[in-house]
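A.B. asks: quick one: sequence plus predicted model below, questions after.
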Amino acid sequence: MSTALLEIGGLHVSYGRVEAVHGVSVALLPRQIVSVIGPNGAGKTTLLAAAMGLLPSLGTLRFEGEDLHGLDVEARVERGLCLVPERRELFGELSVQDNLQLGAYAGRLRRDALRRRLDSVYQRFPRLAERRAQRASTLSGGERQMLTLGRALMSAPRLLMLDEPSLGLAPLIVSEILAIVRGLRDDGVAILLVEQNARIALESSDYGYVLETGEIALAGESAALAGDPRVRATYLGGGTDDE
Amino acid sequence: MTWEVALILSADGLANGAVYLLAGLGLVLVFSVTRVVFVPFGDVIAFSALTLAAFEAGRTPPTIGLVLTLALLALAAELWRLARRREFARMPRALLLWGLLPALPCVFAWAVAGRTLPAVVTIVASIALVVPIAPLIARVALQPIADASVLVLLIASLALHFLLSGLGLLFFGPEGFRTEPLVGGALTLPGGFPVSAQTLLMIAAAIVLSGLFYLLFERTLHGKALRATAINRVGARLVGIRPARTAALAYGGASLLAGLIGVLVAPVTTMYYDSGFIIGLKAFVAAIIGGLSSYPLTAAGALAVGLVESFASFWSGALKDVIVFGMLIPVLLLRSLLVARVEDEEEEIDG
């Protein structure tokens, strides 16, 4: 087993006095898609926020062996971590192209390097190229998610953390976005995927964790996890609730 | 009122409006990036004017001592922060940024003081000397509480104003000063109506600087980073934009604007250590018209404030400030009616 790209061990995260994540351990190898599934309020978003440095945490938190606790959000971005948040956090009043260019802010790229990266993102998302001069706030939900992903890719991340990428999107767009995510893995980006939609998360990932009330309830290869009776009953059971 | 009087009042109002415009841009710049209503802005205006007056009197401006003291405080704060976080590797950079950089204009001012040099050199020295003031006081007093509520930040900012104003009295004394005119003479418009060159200079400065402002925000990545921080702080952090750094940039820009304003108004207004406050206050009215976020609306508001002030002083000198600040009431009423709609739009965006 090669060394982990991201190593989260016994992590505790609190909002003020309320602890939301109680000693969670998650490991991620290079070129791996790892999903974290679980119900609303299980602490999935909190886990990502702590990994990114938006929330303080206690426990092991290492990226390529380097302790992340001393680094602020911006320094983690410079190391190659990138969070695509559930709330998108786009710059609504700026144009699509400005949003993308700012995605590469931490890289301090030269003009031609920035141009090349921009072109590669437009190649991956032709829709964004068509809308490059439009304000981000005028985009549709799916386009907005693409812009968030595109902005993340502008930083050439080593590890991409996606928080509920399927939220509020039509199934067709969700599968389009997940196809892009799998393409990124093939390009060498590791992905930590947090999803309420267990079906699509387990379909697209190599390894999965089930997070319940701030603790890991189950873990395993995604295919095995999808076959686990408890997962089937709780998260995949019955209908195809794709919301 | 005759046509001629109206023209004179308009020219006067536009010149004042130009000053409020520049000050308003500075206030909006700082507020949109940091959520701080930067009350000490006016003090920086006064310091710049008094620094230029000191140069002209052949004295070494006391501003040097003020800037060096602030730089020492800021440097200590920065080193303390780095030491606590054990980021010793970053200390040389901090030393350079917070120690050496603010000292440069001090050295320049020191070299310039007491010599007979072209006016442009002392003007540049005066502006350069006040540029570090806002970033330094912000680093010392505002950055540690950057995440506090707007009200707390306003109170801290107000306290800073009183502190700086007191320091102004200590360093510059209670006397008022007026500096040499930057440009002499007058231009005669068609119709035989004279406009002083100083008025034209103020209006031209406002036009050129707002043009530069536009270019900075529309064309450069750092300008866009400033706007991005103003629009969405979390989003900005997630792409690696450090709020502390953009804040320092915003304060530096505001300080530069204040320095320019000081130099522009000093030849036409007798400046005391506390004269900047009222300029800042009127610019604040303009900034409120712009909702503390829109530069074009702030610019329009500033011109309106300048014109209203000018005409009000013709009708009733005693009531002119009352009339100017009275403008706030309809503006705030209108704004509060519009805000409800803006919030609805935002909900749609989030959803």
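C.D. replies: Yes, it's here.
A.B. asks: tell me how many other residues surround B:Ala15.
C.D. replies: 23 (other Cβ atoms under 10 Å in any protein chain shown). In short, each C-beta sits where N, CA and C put it, glycine included.
A.B. asks: so it sits right up against B:Val195, yeah?
C.D. replies: No. Counting by Cβ atoms under 8 Å, B:Ala15 stays clear of B:Val195, with 9.1 Å between them.
A.B. asks: what confidence value was assigned to the spatially closest residue to A:Thr3 that is not a sequence neighbour?
C.D. replies: For A:Thr3, ignoring the flanking residues on the chain, the nearest one in space by Cβ to Cβ, 6 or more residues apart in numbering or on different chains is A:Gly65 at 6.8 Å. As predicted, A:Gly65 sits at a pLDDT of 87.
A.B. asks: counting neighbours, what do you get for A:Gly65?
C.D. replies: Neighbours around A:Gly65, by other Cβ under 10 Å: 9.
A.B. asks: middle-most residue in chain A, spatially?
C.D. replies: Central residue of chain A (Cα atoms, centre = their mean): A:Leu162, 1.5 Å from the mean position.
A.B. asks: residues contacting it?
C.D. replies: Going by Cβ atoms under 8 Å, 6 or more residues apart in numbering or on different chains, A:Leu162 touches A:Val84, A:Leu149, A:Val181, A:Ile191, A:Leu192, A:Leu193, A:Val194.
A.B. asks: sec struct for it, please.
C.D. replies: Using DSSP: H, G, I helix; E, B strand; the rest coil, the secondary structure recorded for A:Leu162 is strand.
A.B. asks: re earlier: filter the contacts of A:Leu162 to the buried ones?
C.D. replies: With neighbours counted by 16 or more other Cβ atoms under 10 Å in any protein chain shown, those contain buried members at A:Val84, A:Leu149, A:Val181, A:Ile191, A:Leu192, A:Leu193, A:Val194.
A.B. asks: which member of the residues you listed is positioned nearest chain B?
C.D. replies: A:Val84 (8.5 Å; Cβ to the nearest Cβ).
A.B. asks: does A:Gly141 touch A:Leu169 like I think?
C.D. replies: Yes. Counting by Cβ under 8 Å, A:Leu169 is a contact partner of A:Gly141 at 5.8 Å.
A.B. asks: compare those two (neighbour count), which wins?
C.D. replies: Using other Cβ under 10 Å as the criterion, A:Gly141 and A:Leu169 rank with A:Leu169 on top: 19 against 14.
A.B. asks: in terms of contact, does the more buried one touch A:Gly142 like I think?
C.D. replies: Yes. A:Leu169 is in contact with A:Gly142 according to Cβ under 8 Å; the separation is 5.5 Å.
A.B. asks: between the two, what contacts are shared?
C.D. replies: The contact sets of A:Leu169 and A:Gly142 overlap at A:Ile177 (Cβ under 8 Å, 6+ apart).
A.B. asks: check B:Val19 and give its pLDDT.
C.D. replies: Predicted confidence (pLDDT) for B:Val19: 94.
A.B. asks: how many neighbours does it have?
C.D. replies: Neighbourhood size, B:Val19 [other Cβ under 10 Å]: 27.
A.B. asks: which of the helices or strands spans it?
C.D. replies: According to DSSP states H and E, B:Val19 maps onto helix B:3-34.
A.B. asks: same thing with A:Val36?
C.D. replies: strand A:33-37.
A.B. asks: pLDDT on that strand, on average?
C.D. replies: Mean pLDDT, computed over strand A:33-37, is 92.
A.B. asks: counting contacts, what elements does it pack onto?
C.D. replies: If contacts are counted by 3 or more Cβ pairs under 8 Å, 6 or more residues apart in numbering or on different chains; DSSP states H and E, strand A:33-37 sits against strand A:18-28, helix A:44-52, helix A:171-186, strand A:190-195, helix A:198-204, strand A:207-212.
A.B. asks: which positions within the longest one qualify as buried?
C.D. replies: Neighbour-count burial for helix A:171-186, counted by 16+ other Cβ under 10 Å, picks out A:Ile173, A:Val174, A:Glu176, A:Ile177, A:Leu178, A:Ile180, A:Val181, A:Leu184, A:Arg185.
A.B. asks: is that helix up against chain B anywhere?
C.D. replies: No. Residues of helix A:171-186 contacting chain B under Cβ under 8 Å from any Cβ of the partner chain: none, with a closest distance of 15.9 Å.
A.B. asks: so what angle separates the directions of that helix and strand A:33-37?
C.D. replies: 140 degrees (axes from the mean of the first three to the mean of the last three Cα atoms, to 10 degrees).
A.B. asks: and the one helix or strand A:Leu102 maps to, C-alpha only, in CSV?
C.D. replies: Using DSSP H and E, A:Leu102 sits in helix A:96-103. In CSV, the C-alpha atoms belonging to helix A:96-103 read as follows (Å, rounded to 0.1, in the frame of the first residue of the first chain):
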residue,chain,number,x,y,z
VAL,A,96,-17.4,33.6,-15.7
GLN,A,97,-13.9,34.3,-17.0
ASP,A,98,-13.0,36.4,-14.0
ASN,A,99,-14.2,33.7,-11.6
LEU,A,100,-12.0,31.2,-13.4
GLN,A,101,-9.0,33.4,-13.5
LEU,A,102,-9.3,34.0,-9.7
GLY,A,103,-9.3,30.3,-9.3
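A.B. asks: which outside residues touch it?
C.D. replies: For helix A:96-103, contacts defined as Cβ under 8 Å, 6+ apart pick out A:90-91, A:94, A:114, A:118, A:121, A:128, A:131-136, A:139, A:147, A:150-155, B:221, B:224-225, B:228, B:236, B:239, B:241.
A.B. asks: now restrict these to buried residues only.
C.D. replies: A:90-91, A:94, A:114, A:118, A:121, A:128, A:131, A:135-136, A:139, A:147, A:150-155, B:221, B:224-225, B:228, B:236, B:239, B:241.
A.B. asks: for the helix holding B:Val19, buried residues please.
C.D. replies: Of the residues in helix B:3-34, B:9-34 count as buried by neighbour count, 16+ other Cβ under 10 Å.
A.B. asks: do the same with stretch A:91-109
C.D. replies: Neighbour-count burial for stretch A:91-109, counted by 16+ other Cβ under 10 Å, picks out A:91-92, A:94-107, A:109.
A.B. asks: for stretch A:66-77, same thing?
C.D. replies: Within stretch A:66-77, the residues scored as buried using 16+ other Cβ under 10 Å are A:Leu68, A:Leu71, A:Val73, A:Glu74, A:Ala75, A:Arg76, A:Val77.
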